[in-house]
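# Coordinates only, no sequence provided:
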């Protein structure tokens, strides 16, 4: 239908541009996280992620080889090496030995340090520290380097997260939690939504309002009484408990979304089916369910996301022993007691995002009405 | 593996059980009130009166146990002391109205309630409309949807980096301050500027919820019968007219649903505020304030009272929904 | 299991099912450890087949270290102990206890939380033997007991906790070589510290890095500052009264302590990034300024755990070091030390749970951890030569040289204050409000809690 009217092309351009702008705006923060997940913690905290894509000048500290690594060469003690063995590759532009003036000397110059040693640093990073007497102390001399560093990335964060003990188990646990917790509420909600949309009975409006009202019950307050309930009912901390909890918590939104969608379906289809003598059960299974596929698919995506990323409900209703921990719990543990390891968080965010995105892509075709159009007409 | 079979069995039993339940009860209903014989019309009426409840029963049981029961539990706790031991009447509510932090939370929540649903829905509609018309629409959708797939805490971290502050002269690692500096401005500690910081936190939620709005609205847009669209095009409607005069009115119901759902998400939001400012510098919201008293203040009375206020705030939405439902029935 | 046990265990392991002997970090009988205490315990208990769970806030490294201690208990008794590290420990222990499924033992990072749960009858009192043992064998034993003695559900006072693992908070971190480069000396009095602060500013540097950001807990680093300042400007008795609110939060004594902190944190020239950035800088990021080139600051006041946030490869004692956050010479208050610690609470009655607490009184339970890393103890019966690194020993010395030891006050106050308005109030304070204003509003909340 796009090419019915002639001057469409400029509009198409505009639409493409606007969409591109929107997508860019929405992805930049995530992209920043993606880039950050390939950097180490010190890098993340000292320069912006966008800078890491280009060479940049940085002032860093390097420690020369320890005094006991000195070798004797023609009567002098020598420590030599290359600063870039440890630091990201680049080119040295200046160096210094005093923290108060880290770029005191140009490369190539030979200077005398406070301790009386002679030091040269070259542009390629090689350095030579010499002393007439044996060097003292246990730690190497500090050399401050101003250098232009090439972009450098590491996959260490991902390796660390993927190798984490119990992650595989956590992955399996999460799947075990989220699949039934997605499928069951959809089915239950679909029936309820149909009743609320297409069946007439007293109190219907009130029920709909109550469902909307229940959307807002804060989870945190429900946890203690419900866990008590589970313990009393003998379910305890088990998968059964968490399936029930997730299903129930997801129900109000499911019913609300599905009822709204179903109420919008063409009335004549349902009426004519009724006239043909179909029961409500048949109408629901043969007409409503297939027609509601886009709504079912979108709710499935959201419910799956919610159970996938959930930590709180899982910890309370499933428990937190090694065997019971879900993936989010495993990742949280990796971040340590004080949660300061942002590079781990960045990497784990991308690992845990993979499955929901795959689900989204898989479900996307069901969001398209065209597929189902045939069954309507 | 064992648990995986367990899960698979559960799905089969759960799904099969549900279907079997609906099928059997339906069959039973047909047997008890057969649509034939002498009392046919009375039977049909009775069956029709009961059938909706059969459809609703599993949902109602779950809702009652898992949401209504805790709701009454909360009401009960809200008139009890911190430990839930002694009855204190309306003390917790009295405390609330005189508590400056609570009043601040109310003010902020109202701001959130106006801004977040409006912008999320607007951007969601825009995204849905745009991505439906381009070749790489699916990819674009996935990109805009992506924030939904990141947990709230993850999203908070991402945006904390965006708003990060380094003193002037140091390398900025926050994108916002880097942009400000690039345009010659001075870096700011964004999250400590009252009012501004609330909006910056709202941006995070808008960024997340737009994906939700887009997915739902896009499904609705595609659900518009093609005949009406084609008819409008033949009538010579411009694309903008087509969109605003034909398409938007048709999905108006869905837009309102999206709006309501996001409104409710806003009322419950606490992770973002907790992770980014913990309600300091004037950014407190009710959800986080409740959490604060529940977990840190160890005061289930006050926490429950705040929760009740959150639920009261949703009343207008409920009333509006009742009206809507009535209208549809007529 | 049997085969391994035959291969690895020492002879006395025969007395009990030493099923876990293969996991032991240090072979039994080797090194300067107090193995006698282990053997005595081993002979006393046989708990084969018993199982308990311990829930605590320790994760990753700490979790491994604690598990290495647990292994000895398991080897000695044959019991099975499962340690669960919880990210949201406070929340989880409360929910589990309320719902009726608590762990056998919980590791409380703050006595305040334990007090609340004890009042609800969710924590069991320690046996009189353990209480007496603590009094006799911990340095300043009585004060440790006092910290975890509070009224139970029946209103009768009892001792509910046993301290295991303590931290020292009164530390100032610095880079010795940066001090050397600039010719600064480590200050030994508060007056010297203030003079040094001014000296650094005069030399064109920035003396302090201070960051209060901590997500949901933003503000807490400032409470440590204020507590340290309380101990340096008023008597320990007043400190205790302040913590129990006998001394009001808006008393001039407290307001003065807050302003003493403000003298550092609210001076643009003193703090890296200026006073405006103090509240929003993450506490985990703030020490990084010490290691920048050129340094963004020279000193950072923080507890003994902070080296985990130093740049990778930093060697404590060489690349970075600490000194005692000194007291005023003109005030005759000795050398007070602020600290914190984790305390064990029994949540369920069981022989194994009680035995585990008893195990934690043995020197070996302390030595195994201290010989590795990150563990300080007031246990007088341990071999302090076993401290894993000289830094720990130095911290231990600060602990021993203290004329006054006081526990982190905010951990002892009611949660709504100590983990609530005290934090937020400090953020408001560095944001520009006056100390009096902030103290008034904190006191108002405290009043409303009664």
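Noted; the coordinates are in hand. A quick note: this is a predicted structure, and the numbers were derived from the prediction, not measured.
# show me the biggest helix of the chain in terms of residues.
Since no chain was named, I'll use chain A. Across chain A, the longest stretch assigned as helix under DSSP state H is helix A:167-198.
# That was the other one, I meant chain C.
Chain C, longest helix under DSSP H: helix C:60-77.
# Which positions within that helix qualify as buried?
For helix C:60-77, the neighbour count (16 or more other C-beta atoms under 10 Å in any protein chain shown) marks C:60, C:62-63, C:65-77 as buried. Using the backbone N, CA and C atoms, a C-beta is placed for each residue, glycine as well.
# go on, stretch A:140-153?
A:140-147, A:149, A:151.
# got a pLDDT number for whichever residue of the stretch 351-450 of chain C sits closest to chain B?
Proximity of the stretch 351-450 of chain C to chain B (C-beta to the nearest C-beta) peaks at residue C:416, 3.8 Å away. Looking at residue C:416, its pLDDT is 79.
# what's the following helix or strand after whichever strand or helix holds it?
Applying DSSP states H and E as the criterion places residue C:416 in helix C:415-416. Note on helix C:415-416: by DSSP H and E, the next helix or strand toward the C-terminus is helix C:422-430.
# For the closest residue in space to residue B:81 that isn't next to it in sequence, give its distance to chain C.
Sequence neighbours aside, residue B:88 is the residue nearest to residue B:81 in space, at 5.0 Å (criterion: C-beta to C-beta, 6 or more residues apart in numbering or on different chains). Here residue B:88 is placed at a distance of 12 Å from chain C (C-beta to the nearest C-beta, to the nearest Å).
# circling back to that earlier point, please see if the longest helix of chain A touches chain C.
No: Helix A:167-198 does not reach chain C (C-beta under 8 Å from any C-beta of the partner chain); its nearest approach is 13.3 Å.
# what mean pLDDT does that helix have?
87.
# Show me which residues of it are buried.
A:167, A:169-198.
# Now narrow those to whatever sits close to chain B.
Answer for the buried residues of helix A:167-198 near chain B (C-beta under 8 Å from any C-beta): A:172-173, A:175-176, A:179-180, A:183-184, A:187-189, A:191-192, A:194-196.
# Tell me where the model's unsure across the chain.
You didn't pick a chain, so chain A it is. A:1-8, A:87-89, A:335-340, A:367-377 (pLDDT under 70).
# Wait, chain B was what I had in mind.
B:1-4, B:7, B:35, B:322, B:325-330.
# In it, which residue sits furthest out from the middle?
residue B:38 (50.6 Å; C-alpha atoms, centre = their mean).
# any idea which element that residue lies in?
Going by DSSP H and E, residue B:38 is not in any helix or strand.
# How about the one 5 residues further on?
Residue B:43 belongs to helix B:40-63 when elements are defined using DSSP H and E.
# Do that helix and chain A come into contact?
Yes: using C-beta under 8 Å from any C-beta, helix B:40-63 reaches chain A at B:48-49, B:51-53, B:55-56, B:58-60, B:62-63.
# With respect to residue B:19, which of those residues is nearest?
Nearest to residue B:19 out of the residues of helix B:40-63 next to chain A is residue B:58 (C-beta to C-beta; 11.3 Å).
# Just want the residue of the stretch 201-330 of chain B that's nearest chain C.
residue B:297 (3.8 Å).
# can you pull the contacts of that residue?
B:82, B:303, C:414-416, C:419-420 (C-beta atoms under 8 Å, 6 or more residues apart in numbering or on different chains).
# Okay, it and residue A:198: tell me how far apart.
Separation of residue B:297 from residue A:198 (C-beta to C-beta, to the nearest Å) stands at 47 Å.
# do residue C:428 as well
Distance from residue C:428 to residue A:198, by C-beta to C-beta: 56 Å.
# Same question for residue C:410.
For residue C:410, the distance to residue A:198 - C-beta to C-beta - is 59 Å.
# next one: residue A:21
Distance from residue A:21 to residue A:198, by C-beta to C-beta: 42 Å.
# what's the answer for residue C:351, then?
63 Å.
# before we move on, what about residue A:186?
18 Å.
# what domains does the record give for the chain?
Using chain A. Split into domains by automatic domain parsing, chain A comes to A:9-51, A:55-149, A:164-334.
# ah, I was thinking of chain C
When chain C is cut into domains by automatic domain parsing, you get C:2-168+C:340-406, C:171-338+C:409-444.
# can you put the ones you listed in CSV and add distance to residue B:144?
Converted to CSV, the domains of chain C look like this (distance: least, C-beta to C-beta, whole Å):
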stretch, distance to residue B:144
domain C:2-168+C:340-406, 30
domain C:171-338+C:409-444, 27
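# just flag whichever of these has the lowest average confidence.
domain C:2-168+C:340-406 (a mean of 82).
# what about that one and chain B, any contact?
Yes: contact of domain C:2-168+C:340-406 with chain B is found when judged by C-beta under 8 Å from any C-beta, involving C:88, C:90-91, C:94, C:113, C:116, C:119-120.
# same check, this time on stretch C:251-266
No: applying C-beta under 8 Å from any C-beta, one finds stretch C:251-266 separated from chain B by no less than 13.9 Å.
# ok, and for stretch C:228-242, which residues are buried?
C:228-236, C:238-242.
# Can you give me the first-to-last residue distance of it?
13 Å (C-alpha to C-alpha, to the nearest Å).
# hey, where'd the strands end up in the stretch 101-250 of chain C?
Under the criterion DSSP state E, counting those that start in this stretch, the stretch 101-250 of chain C contains strands at C:105-108, C:149-151, C:157-159, C:161-168, C:171-174.
# Give me the contact list for the longest one.
Contacts of strand C:161-168 with the rest of the structure, by C-beta under 8 Å, 6+ apart, involve C:107-108, C:111, C:114, C:123, C:126, C:130, C:134, C:138, C:144, C:147-148, C:303-305, C:337-345, C:357, C:360-361, C:365-366, C:369, C:375-378, C:395, C:398-399.
# Helix, strand, or coil at the closest residue to chain C within the stretch 151-300 of chain A?
Residue of the stretch 151-300 of chain A nearest chain C, by C-beta to the nearest C-beta: residue A:227 (3.5 Å). Following DSSP: H, G, I helix; E, B strand; the rest coil, we place residue A:227 in the helix state.
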